[in-house]
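[1] pasting the structure only:
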């Protein structure tokens, strides 16, 4: 069998290694999740089950890929930050993008029933992925700030929108009522009309999810005399901190170290 | 909320559009499937359930992405051929790679139980993906021939290897016995020692799976008087044809048209 | 001297190899040549000395780079077509672009005085360059047709424009008079008002310059008895043929072979 | 003329914009300069005329491209550092590479006679070019240190090599005598055998050339009463400083600002 005659086709593959010494962010994003959410009756404006599933998938990705330092998620998207010095798969963009997206998607289906025990998965959920390089710590922080600011803006809008819709307005009317309004107006609307104090809504809705690796010890075995054998772990742990302000980064100096 | 202050980070995303008027092949490949197969007790040398699941996933991908003309799969990999003139997602490489890989993976988990009703999925299956451009029909055919030639070489080796192992040899001994041997020797070994006529093994093992779109009519509704309303479909259909020789392409002129 | 400590910086260089088996076109283009032409009193609408110098530079480029099959030039630009199968410099884009542009520019200054014996070079002429891949012969022909169609459009406009300006109109008036006019109108204007039959203008103005390699024999030495020793050459030769129609390609089947 | 029919070919041009907020280094390098140097009888191991011409060309490039902060040259190569925040030509790699290389080459031919008044230019000098991104100040400094360390290593070797050759050794013998020797050995050889104190050789040979912009005032006009009108200039100025140690960067904080 003339194997070698065809093997030249391998040379058409392009080299897509990402620039060394830059932070690599791989972001996955749900494809067509507006209709996916409707089909599976997600609660509006936020569904804790769906957000919990997203967080679970992101933790799974971080378990598989050690070089991910940090992840940030909101709604149907998640960003994974690979260490600047990571040389995983030679920093090849399509390898990193496809593997992270595949692992995330795989987990989404695998753990669906844990989060939606009473809802059958009716459609194949699909995510897209992309990799972007950020050359400095400051720009990486701006990237994460961009996503968290987006979370706030979307959540505030959606909280108002769905409060109006649940109060009887049509979707078009609700949208109309919010066009061009500012933060202060929306907060006032929520408080006065619906009795909602925006700042006391769950942090997961307002701030999204941040996943860090938390160092801790875990008993993995016992010696003959019963002495516990501990192993240090770096378990991915979810929080909902503000990652725009400096205090978060001051508390976690290892993230950018 | 100073949204715009952070939005500049979007400009770091690179433009990865693939060259126009080239065939685009997106290939997905199982990550760590040797151990995945062992963990789930796949039959050796070929597991019809696992191959059936792969084919099912590939058909699902073709249902979602109309611009895929043809797919070819073997073992834990599948190649999807997008039309030369496809402008799906602006031909952006990371979009195409991530979406195809995600859809494939999602289907793998979703349909697992259909193909492995008695085997629990114990691990998150992960696939990588890549996109490669091929400028001419002839080179695309060589790409597909490369994969099908690979199927043959691997399958013949694996058939011998597992026959030897099942007959009592260790894996090292089996591997040793096959080092540097040619096709004729392996066929002879199978026939003489194990009574296996290689050429009568199932085509799916020897040739892999080819998925084409088959034009057919389907009754989708009925008029008041009972007249059936038909819709033409292009259902992805699996076959195990030889795609190296010319006859396959002569029979399906629409593939390269 | 800690040489190795710094050498890691080499890894930041990106791999920019162009897709195999595609035609590579490297196009060089004068930067700021409108003012360059004025500063050196180029004749309008066409300066035969300037065009001759461009053709000379392009021939020099073709002498240096054997893998160039064909070149096409007009005004202050030149396109060089590398063979589909060229592996010169591993098909690295920046190598091909920079070397061709450098050779062209170098020749422009070096041979300036041959074409402008009475005009001192007052400024450093600069060209930019780019490389583009074309996957098929038909698309390569369309590329060349695009440039030659452009030559025609520009030359017809410029011939009218400068005839009007030389007849006493301001540049703004000349431009105004030609806005939105068609080919037939311009030909009529030239013929009726200025007595110019467009189709009899020199082909170099109307069609630009095509450079082919012409096989011929050249005496390179003599044996002791005086017998001439001939060497076959492939000297780049300029013509002004129509490269849009099929007849040119029928006459030169080796170009796309 | 069916212009639009062909214009689609423009879409085959790839987007090659370099990552924002990274330093861009464009390096030009002589092609075949060993034989070019011999053909034009360059002095060995260093030719001050040739180095002066290189410096002149680099200053010309910096006059044309304001966004270049700094240049470093040695032998037949020059590196140009574009500001991190430069958006010149949209940071398109092939534009920057080709224009810098073209401007450099053009100057080389144009100013040749100033530096080699008695040597005719016998061949078209050609340079290649490439662009590389460096994400941080520290890595940019390492890049420049790499080039200057290279200058030292090459110059020390060449000084020994040519001293040996001029003393009567063949090139092969000279090379043999230096294989695997260290800095201390070479310095000792120069001092003991040839009476050369390496550290007192001209800095341009040992350190290469650094080009900075020097702020100064220049009288550009006079008012009616004779008062001079000054304009601040940023003339590119050559020095031969050590750019590996910190003191250079401490003295020029504006370079990385």
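    Sure thing, it's come through. This is a predicted model, so every value here is computed, not measured.
[2] Which stretches in the stretch 151-257 of chain A count as helices?
    A:171-178, A:183-194, A:203-207, A:246-251 (DSSP state H, counting those that start in this stretch).
[3] and among those helices, the most buried is which?
    Per-stretch averages of neighbours, counted by mean count of other C-beta atoms under 10 Å in any protein chain shown, single out helix A:203-207 among these, with a mean of 19. Just so you know, the C-beta spots here come from the backbone N, C-alpha and C atoms, and that holds for glycine as well.
[4] Now do it: everything it contacts.
    Residues outside helix A:203-207 that contact it (C-beta atoms under 8 Å, 6 or more residues apart in numbering or on different chains): A:45-46, A:48, A:51, A:148, A:151-152, A:155, A:159, A:198-199, A:240-243.
[5] is chain C contacted by stretch A:114-132?
    No: legend: contact between stretch A:114-132 and chain C by C-beta under 8 Å from any C-beta of the partner chain is lacking; minimum distance shown is 14.6 Å.
[6] Kindly check the end-to-end length of that stretch for me.
    32 Å (C-alpha to C-alpha, to the nearest Å).
[7] now stretch A:106-121
    13 Å.
[8] Can you list the buried residues in it?
    Neighbour-count burial for stretch A:106-121 flags A:106-112, A:115-116, A:121 (criterion: 16 or more other C-beta atoms under 10 Å in any protein chain shown).
[9] Quick check: residue A:52 is in a strand.
    No: membership of residue A:52 in a strand is not supported by DSSP: H, G, I helix; E, B strand; the rest coil, which gives helix.
[10] nearest spatial neighbour of it, skipping sequence neighbours?
    residue A:115 (5.3 Å; C-beta to C-beta, 6 or more residues apart in numbering or on different chains).
[11] and that neighbour, what does it touch?
    Going by C-beta under 8 Å, 6+ apart, residue A:115 touches A:49-50, A:52-53, A:56.
[12] Distance to residue B:177 added to the helices of the stretch 151-257 of chain A, as a markdown table?
    Shown next, in a markdown table, are these (distance: least, C-beta to C-beta, whole Å):
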| stretch | distance to residue B:177 |
| --- | --- |
| helix A:171-178 | 70 |
| helix A:183-194 | 74 |
| helix A:203-207 | 59 |
| helix A:246-251 | 60 |
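[13] For residue B:68, find the nearest of the ones you listed.
    helix A:171-178 (35.1 Å; C-beta to C-beta).
[14] The closest one to helix A:183-194, inter-axis angle?
    Helix A:171-178 and helix A:183-194 are oriented at 130 degrees to each other (axes from the mean of the first three to the mean of the last three C-alpha atoms, to 10 degrees).
[15] ok, is helix A:171-178 in contact with chain B or not?
    No: residues of helix A:171-178 are not located near chain B by C-beta under 8 Å from any C-beta, the shortest gap being 15.1 Å.
[16] Packing partners of that helix?
    If contacts are counted by 3 or more C-beta pairs under 8 Å, 6 or more residues apart in numbering or on different chains; DSSP states H and E, helix A:171-178 sits against helix A:137-166.
[17] and the angle for the helix it packs on with helix A:183-194?
    Going by the same axes, to 10 degrees, helix A:137-166 makes 30 degrees with helix A:183-194.
[18] Name the residues of helix A:137-166 that come out as buried.
    Quick answer for helix A:137-166 (16+ other C-beta under 10 Å): A:139-152, A:155-165.
[19] What helices and strands are in contact with it?
    strand A:23-30, strand A:68-74, strand A:77-82, strand A:127-134, helix A:171-178, helix A:183-194, helix A:203-207, helix B:3-7.
[20] The residue of the stretch 151-257 of chain A found nearest chain C - how many residues pack around it?
    In the stretch 151-257 of chain A, the residue that lies nearest chain C is residue A:257 (19.9 Å; C-beta to the nearest C-beta). Neighbour count of residue A:257, defined by other C-beta atoms under 10 Å in any protein chain shown: 8.
[21] still on that earlier bit, the residue nearest to residue A:52 and chain D, how far apart?
    38 Å (C-beta to the nearest C-beta, to the nearest Å).
[22] repeat for residue A:67
    Residue A:67 is 17 Å from chain D, by C-beta to the nearest C-beta.
[23] Tell me how many other residues surround the closest residue to that residue other than its chain neighbours.
    Closest residue to residue A:67 apart from its sequence neighbours, by C-beta to C-beta, 6+ apart: residue A:86 at 4.0 Å. Applying other C-beta under 10 Å, we find 19 residues neighbouring residue A:86.
[24] so residue A:86 sits right up against residue A:22, yeah?
    No: assessed by C-beta atoms under 8 Å, residue A:86 is found out of contact with residue A:22, at 10.1 Å.
[25] Could you dump the helices of the stretch 151-257 of chain A into a markdown table with mean pLDDT added?
    As requested, those are exported to a markdown table (pLDDT from 0 to 100):
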| stretch | mean pLDDT |
| --- | --- |
| helix A:171-178 | 94 |
| helix A:183-194 | 93 |
| helix A:203-207 | 97 |
| helix A:246-251 | 97 |
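[26] Residue A:118 belongs to a helix, doesn't it?
    No: counting by three-state DSSP, residue A:118 is not found in a helix; it is coil.
[27] Look at it and report its pLDDT.
    Note on residue A:118: pLDDT of 96.
[28] Could you do residue A:223 as well?
    Residue A:223 is assigned 86 on the pLDDT scale.
[29] Which residues are in contact with it?
    residue A:229 are the contacts of residue A:223 under C-beta under 8 Å, 6+ apart.
[30] Repeat that for residue A:215.
    Under the criterion of C-beta under 8 Å, 6+ apart, the contact list for residue A:215 reads A:232-234.
[31] Return the subset of these lying in strands.
    Among the contacts of residue A:215, the members falling in strands (DSSP state E) are A:232-234.
[32] Adding neighbour count, write those out as TSV.
    Formatted as TSV, these follow (neighbours: other C-beta atoms under 10 Å in any protein chain shown):
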residue	neighbour count
A:232	8
A:233	13
A:234	13
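[33] Can you list the low-confidence ranges for chain A?
    Along chain A, the model assigns pLDDT under 70 to residues A:1-4.
[34] Show me which residues of it sit near chain D.
    So far as C-beta under 8 Å from any C-beta goes, chain A lies against chain D at A:19, A:21-22, A:133, A:135-136, A:139.
[35] Nearest to chain D among these?
    Nearest to chain D among the residues of chain A next to chain D, with distances taken as C-beta to the nearest C-beta, is residue A:135, at 3.5 Å.
[36] For residue D:14, see how far away the closest one is.
    22 Å (C-beta to C-beta, to the nearest Å).
[37] Also residue A:238?
    Distance from residue A:238 to residue D:14, by C-beta to C-beta: 40 Å.
[38] Next: residue A:216.
    48 Å.
[39] Counting neighbours around each, name which of those two comes out higher.
    Legend: neighbour count by other C-beta under 10 Å for residue A:216 and residue D:14, higher for residue D:14 (21 against 12).
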